[in-house]
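>>> got a structure for you, letters missing:
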């Protein structure tokens, strides 16, 4: 049984370590903030200019001067700070952000990522993604294993314009947790009630399947 | 009668225009702040991190957290701001400072300046001088026309290590006001009761003396 | 004290001309110079090159300039969320240069600070790098990026004084402080113009030296692009 | 919330070793990390490379490190006002690299911000340029300057909280915010450690992400180097 988007987020949340400063991209990554494990202290940054981002406001308490990079209204937690966008990307470029979670259209088995442009279709722009993937030490991609057409998003080479090269460390999909290794995608965990054959079939790039692949723990 | 240091400062203060942001170096330049003409609104910057610098504090009101680049205690005027040293030099490098006044050991007739190092003697360092002379659009040097040995400080070429090249626009000495032109030092004004011959004798570099040289007005 | 106050939007925009390059502060609809944008949209000037993180929505923010076809070139980072802009981009009525957001911010700051160029790893190995010089530092490849050159910076602050000192609020700060002093002329509109001396010098985000003209804006709408609230 | 508070100076300096490169905030005697400097001077560590604007005076500030011969290399901008430093420099006991002050500040910021190198006009045509790459931008020559690499940043702030957020006071701000996060480890001492949540997020000069350890210093002397008062 493949994971839901919320379950992908929940699995990624297990990667959080106390003391991590974390940047969450738009989409599934945003959901990670809902699943921070008990006792783990992290702080979320949004690249437009806040550190210590908290939950969405209560209805009626929205502040137009407080949004995240996805333009959603947010609230600050105690200890939060606001700053300009140059300082914000200084945090990113200067490797002060410990973990970046973002979505992708494609990831190659060398860790290249494509997530900003589909030639011939509408281009929305890269936003902060190129800065993030170029500088983060620890990048986790959250995505479905295949696209809506059923084509693999884990590829031997990205077919779409790249966002960054050799940067992704780990991928959490609806089917598996995979690490990027020098030999390709290494299956670390599989989703509950998922066969390895499903993962093999859904992966176009080089895949390494160890003899024993544990099932993800989600509770 | 050659000018005193205070008179040099007073003459330089006549160069101030309303709306000027001004950086004053250590020594004679600091005195310029005492002679801002009536009705002229300027703001003084000190490169360690204040804009809107006011007079020295009254005795007993010194604040160790408020000093200028010469490490003297200062006060802020209404509208002042404090900032870090990178932003401060951003003001300088970004050409937001309209006028820089600084002292010099030597100036060449092409506008080169030497004011930070005497080889074989103690080196104190360039501080902010190299940044200032490399970026300011309008640089006035305040200095004595000759050094204590009687040697000219206005030279065909600087003998001392340079602080910056082709940057000085104007020099105010105890003997004259001189502009740097493509043909050398152009005498614009002479000090009261000073003969042109004194200026000629005290100047080693190329000197252009117009037929008529007005006397500086100091009152 | 050097005074920067002007009384009208018209005065604030004096000297602006068709074909100029403009930096516009704000991120989406947050922290945008509403009064200045409206005045530009209502003006007869056109063919601007705009530098701004985003393009607003169809009927608000920077979108007002696309709706009135004022822009011939857009330098930004994320340009979703505006259909008229999309149409103009797809029909090639408008030239679009997309830039990594951190690079965009730093190119503004570089212009402000007199840094002509700097190196950044963002975009290495992507099409953004195609026309850029590549150089290795500490075993990692970087692109050479240059400072922007522009004519007017139009920014919005929360509070300001007649000396041009600015304080921003929350994430409405974003690109605004980086654009001050990054163009030949910087115009700031503020929600509240306070008397000189009432801002703590220690809390000023942008010193007045970076601002040429300041005025108190009015009728701030401060529209929210994606109102998102807690499920309760 | 991520907590950065340590209880003692010893804890704050844990991991420091002889031969390391240290950035020290402050300008002259203004805004210097008094407690950290005293602890270093009293320690058994030595052979530091120090990056700081100035060198203090003989018996205070950075001078305490020269008096105890802790420094083998000094990277600074203006090094007058300290006779023991002079002696060590003239007798070549210490290596000294002098850097234009704005370049020094920007090299700290570059390290903090992950900018490996940038161009600046400061020093062109002088001996500072001798070993530097020269490049023309907009008709003007510039030097390529690279980011500092250092092990510890030791800074001083006015107020701070346990999340590491800092607020500086007056011109004691100077190089301090630029050095935060510019070394592998950043230690901040503050005059007043306040509860988390009591600092306005809008007024924080340095977000806690740039600070690894924070502690409340004591016995601040805050000596004035050149007490200058109005003639009355």
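Ah, there it is. A quick note: this is a predicted structure, and the numbers were derived from the prediction, not measured.
>>> Please name the residues that touch residue A:18.
A:39-42, D:2 (C-beta atoms under 8 Å, 6 or more residues apart in numbering or on different chains). Where you see a C-beta, it was placed from the backbone N, CA and C, and this is true even at glycine.
>>> among the residues you listed, which two are most distant?
Greatest spatial distance in those: A:39 and D:2, 13.2 Å, computed using C-beta to C-beta.
>>> and the two? which has more neighbours close in?
residue D:2 (19 against 6; other C-beta atoms under 10 Å in any protein chain shown).
>>> Let me see the contact set for that one.
A:18-21, A:41-43, D:163-164, D:208.
>>> about what we covered before: which ones among the contacts of residue A:18 map onto strands?
With DSSP state E as the criterion, strands contain none of the contacts of residue A:18.
>>> How many residues are close by residue 118?
By default, I'm working from chain A. 13.
>>> Sorry, I should have been clearer: chain C.
Counted with other C-beta under 10 Å, residue C:118 comes out at 27.
>>> From residue C:198, how far off is residue C:45?
Distance of residue C:45 to residue C:198, given as C-beta to C-beta, to the nearest Å: 35 Å.
>>> With neighbour numbers in mind, choose between the two.
Set residue C:45 next to residue C:198 and count neighbours by other C-beta under 10 Å: residue C:45 wins out with 16 against 10.
>>> pLDDT score for residue A:119?
Turning to residue A:119, the model gives it a pLDDT of 88.
>>> Leaving out chain neighbours, which residue sits closest to it?
Of all residues not flanking residue A:119 in the chain, residue A:161 sits nearest, at 6.8 Å (C-beta to C-beta, 6 or more residues apart in numbering or on different chains).
>>> Could I get the full set of helices for the chain?
The chain I'm using is chain A. Here chain A has its helices, by DSSP state H, at A:5-13, A:28-31, A:85-93, A:129-135, A:196-201.
>>> wrong chain, I was asking about chain C
C:9-12, C:34-42, C:63-67, C:83-90, C:101-113, C:176-179.
>>> nearest to chain B, of these?
The closest of the helices of chain C to chain B is helix C:101-113. By C-beta to the nearest C-beta, the value is 3.4 Å.
>>> That closest one vs helix B:85-93, what angle?
Helix C:101-113 runs at 60 degrees relative to helix B:85-93, counting by axes from the mean of the first three to the mean of the last three C-alpha atoms, to 10 degrees.
>>> Buried residues of stretch A:41-49, list them for me.
A:42-49 (16 or more other C-beta atoms under 10 Å in any protein chain shown).
>>> end-to-end on it?
20 Å (C-alpha to C-alpha, to the nearest Å).
>>> Say whether chain C is contacted by that stretch.
Yes: Stretch A:41-49 is in contact with chain C by C-beta under 8 Å from any C-beta of the partner chain, via A:46-49.
>>> Quick one: distance of that stretch to the chain centre.
14 Å (C-alpha atoms, centre = their mean, to the nearest Å).
>>> Now residue A:7: closest residue in space, sequence neighbours ignored.
With C-beta to C-beta, 6+ apart, the residue lying closest to residue A:7 is residue A:218, at 5.8 Å.
>>> Repeat that for residue A:144.
residue A:174 (5.3 Å).
>>> pLDDT score assigned to that neighbour?
Looking at residue A:174, the pLDDT reads 98.
>>> same question, residue A:21
Looking at residue A:21, its pLDDT reads 98.
>>> mind listing what it touches?
Neighbours of residue A:21 in contact, by C-beta under 8 Å, 6+ apart: A:42-45, A:51, A:91, A:96-99, D:2, D:209.
>>> redo that, cut-off 6 Å
If you count contacts by C-beta atoms under 6 Å, 6 or more residues apart in numbering or on different chains, residue A:21 has them with A:43, A:45, A:97-98, D:209.
>>> need the residues of chain C near chain A, please.
Neighbours of chain A within chain C, by C-beta under 6 Å from any C-beta of the partner chain: C:27-28, C:30, C:77-80, C:98, C:100-102, C:105-106, C:109, C:121-123, C:125-127, C:169-175, C:177-178, C:222, C:224-230.
>>> Now the buried members of those residues.
C:27-28, C:30, C:77-80, C:98, C:100-102, C:105-106, C:109, C:121-123, C:125-126, C:169-175, C:177-178, C:224-225, C:228.
>>> Most proximal residue of chain A with respect to chain C?
Taking C-beta to the nearest C-beta, chain A has residue A:89 as its residue nearest chain C, at 2.9 Å.
>>> re earlier: make sure the residue nearest to residue A:119 is actually in contact with residue A:117.
Yes: counting by C-beta atoms under 6 Å, residue A:161 does reach residue A:117; the two are 4.6 Å apart.
>>> So what's the residue count around the closest residue to residue A:46 other than its chain neighbours?
Nearest residue to residue A:46, sequence neighbours excluded (C-beta to C-beta, 6+ apart): residue A:68, at 4.0 Å. Other residues within reach of residue A:68, judged by other C-beta under 10 Å, total 25.
>>> How much space separates residue A:68 from residue C:155?
Residue A:68 is 21 Å from residue C:155, where distance means C-beta to C-beta.
>>> One more: residue C:119?
From residue C:119 to residue C:155 the distance is 27 Å (C-beta to C-beta).
>>> just residue C:183 next, same as before
Relative to residue C:155, and taking C-beta to C-beta, residue C:183 is found at 10 Å.
>>> contacting residues around the closest residue in space to residue C:172 that isn't next to it in sequence?
Among residues not flanking residue C:172 along the chain, residue C:31 sits closest, at 3.1 Å (C-beta to C-beta, 6+ apart). Residues near residue C:31 by C-beta under 6 Å, 6+ apart: C:156, C:172, C:174, C:176.
>>> Give me the nearest residue to the third one, chain neighbours excluded.
Nearest residue to residue C:174 in three dimensions, chain neighbours excluded: residue C:27, at 4.1 Å (C-beta to C-beta, 6+ apart).
>>> Repeat that for residue A:10.
According to C-beta to C-beta, 6+ apart, the nearest residue to residue A:10 is residue A:35 (4.4 Å).
>>> how many neighbours does the one you found have?
Neighbour count for residue A:35, taken as other C-beta under 10 Å: 16.
>>> That one and chain B, how far apart?
38 Å (C-beta to the nearest C-beta, to the nearest Å).
>>> show me what contacts that residue?
A:9-10, A:13.
>>> Go through those and name the one nearest chain D.
Nearest to chain D among these, with distances taken as C-beta to the nearest C-beta, is residue A:13, at 16.4 Å.
>>> How about the residues of chain A by chain D?
A:19, A:21, A:41, A:43, A:51, A:76, A:78-82, A:90-91, A:93-94, A:96, A:135.
>>> Out of those residues, which end up buried?
Buried by 16+ other C-beta under 10 Å: A:21, A:43, A:51, A:76, A:79-82, A:90-91, A:93-94, A:96, A:135, out of the residues of chain A next to chain D.
>>> can the residues you listed go into a markdown table with extra columns for distance to residue C:150?
Listed next are those as a markdown table, based on distance: C-beta to C-beta, whole Å:
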| residue | distance to residue C:150 |
| --- | --- |
| A:21 | 33 |
| A:43 | 35 |
| A:51 | 29 |
| A:76 | 32 |
| A:79 | 36 |
| A:80 | 32 |
| A:81 | 29 |
| A:82 | 25 |
| A:90 | 22 |
| A:91 | 26 |
| A:93 | 23 |
| A:94 | 26 |
| A:96 | 30 |
| A:135 | 27 |
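>>> Looking at those, spot the one nearest residue B:169.
residue A:90 (36.0 Å).
>>> where does the closest one sit relative to residue C:33, distance-wise?
Distance from residue A:90 to residue C:33, by C-beta to C-beta: 25 Å.
>>> now residue C:136
Residue C:136 is 40 Å from residue C:33, by C-beta to C-beta.
>>> Neighbour count: these two, which is higher?
A count of neighbours by other C-beta under 10 Å puts residue C:33 above the other of residue C:136 and residue C:33, at 28 against 11.
>>> Mind jotting down where the strands sit in chain C?
C:21-24, C:48-51, C:71-76, C:95-98, C:117-120, C:134-137, C:140-146, C:152-161, C:166-167, C:185-194, C:213-216.
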